[in-house]
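Novice: dropping the sequence and predicted coords here.
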Amino acid sequence: LPNNWDGATEYTGWDGATFEAVVEGLGQPAGIELVDDRLFVTDHATAEILAYDLDGNELGRLATGATGLMGITVGPDGELYYADGFGNEIVRVDP
């Protein structure tokens, strides 16, 4: 982590960390959000949001119709939102 390119207020690196893939086989993963024991991943290649448990089992998927699916987050209202970069939109996911 040589530079803080985005100007984040928190910028931390770790040496000696271990990691493992939880999910594999996505076309172009573009965003990730962990909510309780569910992992949400946006796939730019398919414009889908995929939900997984922490063992990597797929729980479901949602076709967004976005033209440039990017990041995903939980907003202050507790709802899930994704960014459509080419559509210039932030979209709330309603159940």
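Specialist: Happy to help now that I have it.

Novice: buried stuff in stretch 44-51?
Specialist: Applying a neighbour-count criterion of 16 or more other Cβ atoms under 10 Å, the buried positions in stretch 44-51 are 44, 47, 48, 49, 50, 51. Where C-beta positions appear, they are placed from N, C-alpha and C, glycine not excepted.

Novice: ok, stretch 29-37 next?
Specialist: By 16+ other Cβ under 10 Å, the buried positions in stretch 29-37 come out as 30, 31, 33.

Novice: from the chain's centroid, how far away is it?
Specialist: Relative to its chain's centre, stretch 29-37 lies at 4 Å (Cα atoms, centre = their mean, to the nearest Å).

Novice: next: stretch 84-95.
Specialist: For stretch 84-95, the separation from the chain centroid amounts to 13 Å (computed by Cα atoms, centre = their mean).

Novice: which residues sit against it?
Specialist: Taking Cβ atoms under 8 Å, 6 or more residues apart in numbering as the criterion, the residues outside stretch 84-95 that touch it are 49, 62, 64, 66-70, 75, 79-83.

Novice: neighbouring strands of the helix or strand hosting residue 41 in the sheet, and parallel or not?
Specialist: Residue 41 belongs to strand 38-43 when elements are defined using DSSP states H and E. Neighbouring strands of strand 38-43 in its sheet, by DSSP bridges, are strand 29-35 (antiparallel), strand 48-53 (antiparallel).

Novice: what mean pLDDT does the first one get?
Specialist: The average pLDDT within strand 29-35 is 94.

Novice: residue numbering should commence at 658 henceforth.
Specialist: Let's use 658 as the start, then, which means that last one is strand 686-692.

Novice: what bridges to the residue nearest to the spatial centre of the chain?
Specialist: Nearest to the mean C-alpha position of the chain, counting by Cα atoms, centre = their mean, stands residue 689 at 2.0 Å. Using DSSP bridges, the beta-bridge partners of residue 689 come out as residue 698.
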